[in-house]
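Colleague: I would like to see how this sequence folds:
(2 chains)
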Amino acid sequence: MITEEEFNNIYNEYHPKVYRLCLGYMSGNQPLADDIAQEVFIKLWEKQNSIKDKRAITSWIYRVSFNTCMMSIRNNKKYSSDEIEDTSYQPEKEQDSSESLKQLYQIIDKLKSDEKNMALLLLEGVDTENIAEVLGITKINARVKIHRLRSKLKNEMEQS
Amino acid sequence: MNDFNNIQSLWSNQEPQKQNKSLDFIKSEAKKRMKSSGRRLSWGIIVLSVTAVVLGIIIYNLPNLKWPFGPGLLAMFLSVTLRGCLEIISMIWKQRLNIALPTQQYKCQILRYYRVRKTLTTTVTFSTLLLYVAGFSIMIPAFYGYMQTMYFIGILVFIVVSVPAFSIFLIKKSKEELKELNEIIALLN
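Modeller: Alright, predicted model coming up:
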């Protein structure tokens, strides 16, 4: 069971991460990512009595985030890869990093669904064990895929 | 940008998003949903249920189930009930999808759900529509015997206009849902 205070702490710690993850999944669509992140925490509140192992909260949150994103594809016709240009992060000060970030979003958007999920978890710095648990694959399999994906992301970023 | 750590820091240093919804809003929204969970029914299910109940009452009050009213009304009742039950099962199925499953398993679950919805949208919708129309059609000649010519013509005109209009509407809606389902299945695969 999660107390209200614990919920507040979890929210403060995980909201930015969940939001970025949703943002990556939804091709940089900020309003959509905001709605889905909100939905994830509503679900956490609803399930606060049924979550017994608090150590598993990280993987629970990421699993629910991805699954909510998947479910939201149908409910949101706004979802479109064409929106990267308009809605992704566009800081005015650092033009270079803004361009790089936009490229990163485009690379993520081109990945296959499973690779995309793994890439977003990797970028959030989630460890191998949790990545395996979130995606429902073995640790060995996760390690191999992570290795390949890191190289792929590096290469793609170099080329772009 | 040749180091993965640089990519990672680029990602995590994105400008923090301004939180549009406060924590209190999230809590109150969650409490509201917990109170109303299970009470949300789609309009389709409500319309189908009401029609089935009305048809059921008419059939129950019929003195006998002889041709053509008995079989005609039974066919209509069956088609509406079957469609309604399938819609309710589909809704319960969707509500019971376990959102906390690992992503791969959840994806399999929703893909199976969407494929079943596809069958429901195509085969089942058109079969039940045909059964409903057939049930009504076999009663038309009998109406002629029971009603005055003017009333009969009125009903006939209503049927000739409403059945095709309703069928076109249903086909259009089904096509839209089918297109949407195909797109989602392709995206998830």
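
Colleague: tell me the phi and psi of residue B:102?
Modeller: phi -60, psi 150 (degrees, to the nearest 10).

Colleague: show me what contacts it?
Modeller: Residue B:102 makes contact with A:63, A:133, A:134, A:135, A:136, A:137, according to CB atoms under 8 Å, 6 or more residues apart in numbering or on different chains. Heads up, the C-betas are built off the backbone N, CA and C, glycines and all.

Colleague: redo that, cut-off 7 Å
Modeller: For residue B:102, the contacting residues are A:63, A:133, A:134, A:135, A:136, by CB atoms under 7 Å, 6 or more residues apart in numbering or on different chains.

Colleague: could you pull out the helices in chain B for me?
Modeller: Using DSSP state H, the helices assigned to chain B run over residues B:4-12, B:23-36, B:43-61, B:69-96, B:103-119, B:125-137, B:140-146, B:149-188.

Colleague: what about the fourth one, near chain A?
Modeller: No. Shown here: helix B:69-96 not in contact with chain A (CB under 7 Å from any CB of the partner chain), separated by at least 9.1 Å.

Colleague: what angle do that helix and helix B:103-119 make?
Modeller: 160 degrees (axes from the mean of the first three to the mean of the last three CA atoms, to 10 degrees).

Colleague: summarise which helices and strands helix B:69-96 is packed against.
Modeller: helix B:43-61, helix B:103-119, helix B:125-137 (3 or more CB pairs under 7 Å, 6 or more residues apart in numbering or on different chains; DSSP states H and E).

Colleague: let's have these in JSON lines, adding mean neighbour count and mean pLDDT.
Modeller: Below are these laid out as JSON lines (neighbours: other CB atoms under 10 Å in any protein chain shown; pLDDT from 0 to 100):
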{"stretch": "helix B:43-61", "mean neighbour count": "14", "mean pLDDT": "89"}
{"stretch": "helix B:103-119", "mean neighbour count": "17", "mean pLDDT": "90"}
{"stretch": "helix B:125-137", "mean neighbour count": "17", "mean pLDDT": "90"}
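
Colleague: which one of those helices lies closest to chain A?
Modeller: Minimum separation from chain A across these (CB to the nearest CB) falls at helix B:103-119, 4.1 Å.

Colleague: are any of the contacts of residue B:102 buried, and if so which?
Modeller: Among the contacts of residue B:102, those buried by neighbour count (16 or more other CB atoms under 10 Å in any protein chain shown) are A:63, A:133, A:134, A:135.

Colleague: pLDDT wise, what is whichever residue of chain B sits closest to chain A at?
Modeller: Going by CB to the nearest CB, chain A is nearest to residue B:102 of chain B, at 2.7 Å. At residue B:102, the pLDDT value in this model is 93.

Colleague: follow-up on the earlier one: can you add distance to residue B:96 and give the helices and strands packed on helix B:69-96 back as a markdown table?
Modeller: Shown next, in a markdown table, are those (distance: least, CB to CB, whole Å):
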| stretch | distance to residue B:96 |
| --- | --- |
| helix B:43-61 | 16 |
| helix B:103-119 | 10 |
| helix B:125-137 | 23 |
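
Colleague: among those, which is nearest residue A:73?
Modeller: Closest approach to residue A:73 among these (CB to CB): helix B:103-119, 9.6 Å.
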